[in-house]
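In: sequence plus predicted model, see below.
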Amino acid sequence: MTEVAVLGYGTVGSGVVEVLERNAAVIEHTAGDALHVKYVLDIRDFPGDPIQERITHDFNQILDDPDIKVIAEVMGGVEPAYSFTKQALEKGKSVCTSNKELVARYGSELLSLARDKGVNYLFEASCGGGIPIIAAINQSLIANEIDEITGILNGTTNYILSEMAESGSAFEDALADAQEKGYAERNPEADVEGHDACRKLAILSSLCFGKRVNYEDIYTEGITAVTHADILYAKELGMAVKLLASGWTVPEGDTKRFYALVAPFLVSPENPLFSVNGVFNAVFVHGNMLGDAMFYGSGAGKLPTASAVAGDMIEAVRRAGETIMTFDSTELLPITAIENESRRFFVRIPKEREEAAEKAFGEIKIVTVPELSGETGFVTEEMTEKAFEECAEKAGGIISRIRIK
Ligand code: HSE
């Protein structure tokens, strides 16, 4: 039997215990050994819950117990998760995590520490919930040069946008619903402002492009400015509003430029990300040999995320003595500013500035929504981000704009 510990008994932590217990037989078979949860670390007590007898408030009890070989860190946040992870790896214990904030910030350091100690730091659950995207990038796709990764990487915002479009729900009601279902972060600002998707994009881009991506270098917009009016226009255009997180490369001579961006986009039905609704996530990858592939599945929530953490724990047991994740580049990937990137934009302006918009933007395609009579919506020709800003200023200001994929 392999003794394991779980740090944090919140949504994901309780899910990890549940997965390990409910699927004990299949896990014993695949891991080649039974996994038994000896300790659960939490600052709270859970009187009346059978977990209480395994609750500890002292991390050192776990650290100093030589029986504990694998730890699930599912507390979230940077501290104390960072210190606990470092100490555990230093003591030769493998750590499996869903903590995207920690992986985005300290992943490369923790991975090289794990390699030095001959153990594992695994984080499949940090991106895409239950979707095995990290295993795919690290194993199945390694014969490729990946030149694009674009995903719907946040379940909460995709749930909110889908509810707004399908049921006409208000933003706040859809968010409250996502919180109730256990999709949202403790502080949902991380979801709705795009920070969570940004951190996941930094992790995936680092793995795809082979160098460390600093998430603070990624241009990020959330969905707080997306309104019911935008959804109406999207419907009129036959499109859907999606929060996309995208990293891509552009060849330049013998080298490449790297780009990364998180923002709401209007997505057309031809794009496979158009039909990704609710809490589902999807990650589109383009490899130079592979062509296109898309990974789709449950992107957040207790059991999907916990199943990815438990999968890593099984792998850590099965491959004990071997370090699986070998990415340890500390070199920073320079991210190019997006100002010269070209695309079309959907724009809303007050009705009285329609003529000024035509003068400023040149050829535009007007979109009319009967309920919104005091304003004009239009789609621009392809233009750079920089040119767009200049035209918007020339037009005397706009109500809002959404990029078009
Ligand atoms: N809050 C995150 C989301 C949880 O909604 O996607 C999964 O990482």
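Out: Structure received.

In: show me which residues of the protein sit near the ligand.
Out: Residues of the chain lying close to the ligand (CB under 6 Å from any ligand atom) are G129, N154, G155, T156, Y183, A184, E185, D191, D196, G299, A300. For every residue, glycine as well, the C-beta is placed using N, CA and C.

In: let me have those in a markdown table, adding pLDDT, secondary structure and neighbour count as columns.
Out: Formatted as a markdown table, the residues of the chain next to the ligand follow (pLDDT from 0 to 100; DSSP: H, G, I helix; E, B strand; the rest coil; neighbours: other CB atoms under 10 Å):
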| residue | pLDDT | secondary structure | neighbour count |
| --- | --- | --- | --- |
| G129 | 94 | coil | 29 |
| N154 | 98 | coil | 35 |
| G155 | 97 | helix | 27 |
| T156 | 97 | helix | 27 |
| Y183 | 95 | coil | 28 |
| A184 | 94 | coil | 26 |
| E185 | 92 | coil | 19 |
| D191 | 98 | helix | 27 |
| D196 | 98 | helix | 28 |
| G299 | 95 | coil | 29 |
| A300 | 95 | coil | 29 |
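
In: quick one: low-confidence ranges for this protein?
Out: Of all residues in the chain, those with pLDDT under 70 make up the ranges 328.

In: where along it do the helices fall?
Out: 11-22, 24-31, 59-63, 81-90, 100-117, 133-135, 155-166, 171-180, 189-192, 195-209, 228-236, 302-318, 354-361, 385-394 (DSSP state H).

In: what comes into contact with the longest one?
Out: Judged by CB atoms under 8 Å, 6 or more residues apart in numbering, the contacts made with helix 100-117 from elsewhere in the structure are 73, 76-78, 81-82, 85-86, 89-90, 92, 94-95, 97, 120-121, 123, 126-127, 190, 196, 199-200, 202-203, 206, 212, 215, 323, 325-330.

In: deepest-packed of the helices of the chain, please.
Out: helix 195-209 (a mean of 26; mean count of other CB atoms under 10 Å).

In: now for that one, which elements pack on it?
Out: helix 100-117, helix 133-135, strand 146-152, strand 219-220, strand 240-252, strand 255-267 (3 or more CB pairs under 8 Å, 6 or more residues apart in numbering; DSSP states H and E).

In: quick one: which of those is nearest V17?
Out: helix 100-117 (20.6 Å; CB to CB).

In: quick check: angle from that closest one to helix 81-90?
Out: Interaxial angle, helix 100-117 versus helix 81-90 (axes from the mean of the first three to the mean of the last three CA atoms, to 10 degrees): 20 degrees.

In: quick one: distance of helix 100-117 to the chain centre.
Out: In terms of CA atoms, centre = their mean, to the nearest Å, the centre of helix 100-117 is set 17 Å apart from its chain centre.

In: check stretch 281-295 too.
Out: Worked out by CA atoms, centre = their mean, stretch 281-295 lies 16 Å from the chain centre.

In: check which residues of that stretch are buried.
Out: Neighbour-count burial for stretch 281-295, counted by 16 or more other CB atoms under 10 Å, picks out N281, A282, V283, F284, V285, H286, G287, F295.

In: and if you look at stretch 131-146?
Out: I131, P132, I133, I134, A135, A136, I137, L141, N144, I146.

In: identify the residues contacting the second one.
Out: Listed by CB under 8 Å, 6+ apart, the contact set of P132 reads E124, F295, A308, G311.

In: any idea how far it is from V192?
Out: Noted for P132: a distance of 27 Å to V192, by CB to CB, to the nearest Å.

In: again with the last one
Out: Here I146 is placed at a distance of 29 Å from V192 (CB to CB).

In: and for I324?
Out: Counting by CB to CB, the gap from I324 to V192 is 34 Å.

In: next one: F265
Out: 16 Å.

In: now distance to T255 too, for the helices of the chain, in TSV please.
Out: Listed next are the helices of the chain as TSV, based on distance: least, CB to CB, whole Å:
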stretch	distance to T255
helix 11-22	40
helix 24-31	43
helix 59-63	45
helix 81-90	34
helix 100-117	22
helix 133-135	26
helix 155-166	34
helix 171-180	41
helix 189-192	34
helix 195-209	12
helix 228-236	37
helix 302-318	34
helix 354-361	34
helix 385-394	22
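
In: ok, which of the ones you listed comes nearest S246?
Out: Among those, helix 195-209 sits nearest to S246 (CB to CB), with 7.3 Å.

In: report the angle between the closest one and strand 146-152.
Out: Using the same axes, to 10 degrees: helix 195-209 against strand 146-152 is 160 degrees.

In: list the contacts for the nearest residue to D67 once chain neighbours are set aside?
Out: With CB to CB, 6 or more residues apart in numbering as the criterion, D67 has its nearest non-adjacent residue at 4.2 Å, and that residue is E3. The contact partners of E3, by CB under 8 Å, 6+ apart, come to H36, K38, D65, D67, I68, K69.

In: the last one reaches V4, doesn't it?
Out: Yes: in this structure, K69 sits in contact with V4. The criterion is CB atoms under 8 Å, and the distance is 7.0 Å.

In: of these two, who's got more company?
Out: V4 (27 against 20; other CB atoms under 10 Å).

In: what's opposite that one in the beta bridge?
Out: Using DSSP bridges, the beta-bridge partners of V4 come out as V37, V70.

In: domains of the protein?
Out: Recorded structural domains for the chain (assignment: automatic domain parsing) are 2-129+303-318, 142-296, 338-404.

In: ends of the shortest one, what's the gap?
Out: End-to-end distance for domain 338-404, by CA to CA, to the nearest Å: 14 Å.

In: do stretch 333-349 as well
Out: So stretch 333-349: terminal residues 38 Å apart, CA to CA.

In: cool, thanks, talk later.
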